[in-house]
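**Student:** Please work out how this folds:
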Amino acid sequence: MLNPLSRWLLPLLIGNLSILTCVAQTSTAADSEALQIYQDHCAGCHGAQRTGAMGPALLPESLARLRKAEALNVMLHGRVLTQMPAFDRQIPEEKLQRLIELIYSPPAEPPRWEEKDITQSRVSYPVPDNDKPLFSADPQNLFIVVELGDHSATLLDGDKFEAITRFKTRFALHGGPKFSPDGRYVYFASRDGWISKYDIYNMTYLAEIRVGINTRNLAISADGQYLIAANYLPGNLVLLSSKDLSLIKIIPASSGDTTSRVSAVYTAPPRHSFVAALKDIAEVWEITPSDTDAQIRRIPTSEYLDDFFFDQNYQYLIGSSRKGNSAQVVNLDSGNTVADLSIEGMPHLGSGITWKYQDTEVLMTPNLKDSRLTIIDMSNWKTIRQLDTQGPGFFTRSHDGSPYAWSDVFFGPHKDLINIIDKKSLEIVKTLRPSPGKTSGHVEFTRDGRYALLSIWDDDGELIIYDSKTLEEVKRLPMKKPSGKYNVYNKTRYVRGTSH
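**Tutor:** Predicted structure coming up:
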């Protein structure tokens, strides 16, 4: 196994030579001194176009999660456990402020990341001669816990709730890791375009490739043969072989003269396909991969839909627009819109869940703007209940093994609350405050649904384990902003109520 520094340097040397022919410019009047500072101190790690290299991309799309004040702090004091140095003794703060304005401004010439850049960036690491787990924990009840606080991940035993190992990841993972069907491998996507393949059994990286400049998420086919990444920049989808991360095809997200950002891509297991959400084209794409190509089926829609949910059988797609206040139900078999849902605010369907209620199936979605949860009867697409909450929410989660659904209040002053909904009565029966003053969010469950794992989204954060039936706290594990945790069995079996 290469040491961590070599692991990040090698892709830089192999994959970013073409970037160095371009110059960083802004679409507004460029600050020449800030440009010079960037070229002298930043381009070597972050690329001459700010598209990233050993360090992450420094473009507005890639810095969306990093506030300017936080970026300045990193420039002044460096970033722990990375190669980012401190510049407080080399560059006056006033000049760093101007550098901040530069990197948060779009370039005059859109940066490119093309086929040769992708193929040249790919790197493979030594493959261990071992097919058995190097640990005794149940391989199907493991969790990968993504810790954004210091760009690490923890492999967690889901029975003992103990860390097996902790390892570094790329900067700002996005969209959730995806497991191979047998649970042996996990694939990560970073916001600045890196796809990484990690061998869970041997606890080591096997391959990496950079597929874009600003990447939204990653999906894996139901048979485990193919990976596909959705990109904001450039606007495309990139199809890879899961075996070695070799490039199969670049699929431009375009229709006529319009090029679109790709909001997300999802696996539709019963359909043996992927489904892509386009932000700037009023279409849904169903993509059927092969070893050499991909077939695209375009489904027109009346709105731009960029946030999707699917029924358990993947016959129906429920999509909402970032404009809010409405959602459409599309029959993926016929390609027809079969219902319009009127939901005030901005439903976050990508974090919706379903469960069996009486003689029907219901969908519950949180809302990014309004303080409510909406519950919809999926037999007729009618709203049957709205639950008032203490603020807008981000995630809802449940499991067939639990009588409750969990929903956060992620935005606003009550972000430390978690609401517990009884799936039989459709009522909020309890509200928890796990860590006063700190954001609570993203619940996931053990393989059998017996325990719920909750994240405290803080650099001084925790993973809190609850008994999902009694709602009693079981254990706390200190972690660095554990943004999400993903169970091997639930993710590979697409268990109802958990994230897919």
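
**Student:** Can I take it that residue 196 is in a helix?
**Tutor:** No - residue state for residue 196 (DSSP: H, G, I helix; E, B strand; the rest coil) corresponds to strand; a helix is not indicated.

**Student:** Next, give phi and psi for the closest residue to residue 222 other than its chain neighbours.
**Tutor:** Spatial nearest neighbour of residue 222, chain neighbours left out: residue 269 (3.7 Å); criterion: Cβ to Cβ, 6 or more residues apart in numbering. C-beta: built from backbone N, CA, C; applies to glycine. Backbone torsions of residue 269, given as degrees, to the nearest 10, read phi -50, psi -50.

**Student:** I'd guessed residue 269 sits against residue 314; true?
**Tutor:** Yes - in this structure residue 269 lies within contact range of residue 314 using Cβ atoms under 8 Å: 6.7 Å.

**Student:** Go ahead and confirm residue 86 touches residue 78.
**Tutor:** Yes - judged on Cβ under 8 Å, residue 86 makes contact with residue 78 at a distance of 3.8 Å.

**Student:** Just after the helix or strand of the chain with the lowest mean pLDDT, pick out the following helix or strand.
**Tutor:** The weakest-scoring helix or strand in the chain, judged by mean pLDDT, DSSP states H and E, is helix 4-15 (a mean of 44). Next along the chain after helix 4-15, taking DSSP states H and E as the criterion, comes helix 32-41.

**Student:** can you list the domains in the chain?
**Tutor:** Here the domain parsing of the chain from automatic domain parsing is 4-103, 113-300.

**Student:** most packed of these?
**Tutor:** Ranked by mean neighbour count under mean count of other Cβ atoms under 10 Å, the domains of the chain are led by domain 113-300, which reaches a mean of 19.

**Student:** Could you pull up phi and psi at residue 71?
**Tutor:** Dihedral angles of residue 71 (phi, psi; degrees, to the nearest 10) stand at phi -60, psi -40.

**Student:** any low-confidence regions in the stretch 51-200 of the chain?
**Tutor:** 53, 65, 80-81 (pLDDT under 70).

**Student:** what's the spatially most central residue of the chain in contact with, if anything?
**Tutor:** Compute the mean C-alpha point of the chain, and by Cα atoms, centre = their mean the closest residue is residue 175, 1.1 Å away. By Cβ atoms under 8 Å, 6 or more residues apart in numbering, residue 175 lies in contact with 189, 215, 216, 217, 218, 230, 264.

**Student:** Keep only those of those residues that are in strands.
**Tutor:** Of those, the ones assigned to strands by DSSP state E are 189, 215, 216, 217, 218, 230, 264.

**Student:** Report pLDDT for the residue nearest to the third one when sequence neighbours are not counted.
**Tutor:** So that's residue 216. Spatial nearest neighbour of residue 216, chain neighbours left out: residue 230 (4.4 Å); criterion: Cβ to Cβ, 6+ apart. Looking at residue 230, its pLDDT is 97.

**Student:** For residue 230, give its distance to residue 215.
**Tutor:** 7 Å (Cβ to Cβ, to the nearest Å).

**Student:** okay but residue 166 is in contact with residue 151, surely?
**Tutor:** No - taking contacts as Cβ under 8 Å, residue 166 lies outside contact range of residue 151: 11.5 Å.

**Student:** Please name the residues that touch residue 79.
**Tutor:** So residue 79 contacts nothing (Cβ under 8 Å, 6+ apart).

**Student:** Now residue 154: which helix or strand?
**Tutor:** Judged by DSSP H and E, residue 154 forms part of strand 152-157.

**Student:** Now do that strand: which elements does it pack against?
**Tutor:** For strand 152-157, the elements it packs on are strand 142-147, strand 162-168, judged by 3 or more Cβ pairs under 8 Å, 6 or more residues apart in numbering; DSSP states H and E.

**Student:** what residues does the shortest one touch?
**Tutor:** Read it as strand 142-147. Contacts of strand 142-147 (Cβ under 8 Å, 6+ apart): 153-158, 164, 166, 169, 173, 176-177, 183, 186, 200, 444, 453, 463, 479-488.

**Student:** got the angle between that strand and strand 152-157?
**Tutor:** Between the axis of strand 142-147 and that of strand 152-157 there is an angle of 160 degrees, by axes from the mean of the first three to the mean of the last three Cα atoms, to 10 degrees.

**Student:** what is the orientation angle of strand 142-147 with strand 162-168?
**Tutor:** Put simply, strand 142-147 runs at 50 degrees to strand 162-168, going by the same axes, to 10 degrees.

**Student:** The residue nearest to residue 216 reaches residue 260, doesn't it?
**Tutor:** No - using Cβ under 8 Å as the test, residue 230 is too far from residue 260 to be in contact (10.6 Å).

**Student:** Only the buried residues of stretch 325-339, if you could.
**Tutor:** 326, 327, 328, 329, 330, 332, 337, 339 (16 or more other Cβ atoms under 10 Å).

**Student:** of those, closest to residue 305?
**Tutor:** The closest of these to residue 305 turns out to be residue 328 (Cβ to Cβ; 6.5 Å).

**Student:** The helix or strand encompassing the closest one packs against which elements?
**Tutor:** Element membership for residue 328, per DSSP H and E: strand 326-331. Applying 3+ Cβ pairs under 8 Å, 6+ apart, one finds that strand 326-331 contacts strand 316-320, strand 336-342.

**Student:** Having no further points to raise, I will conclude here.
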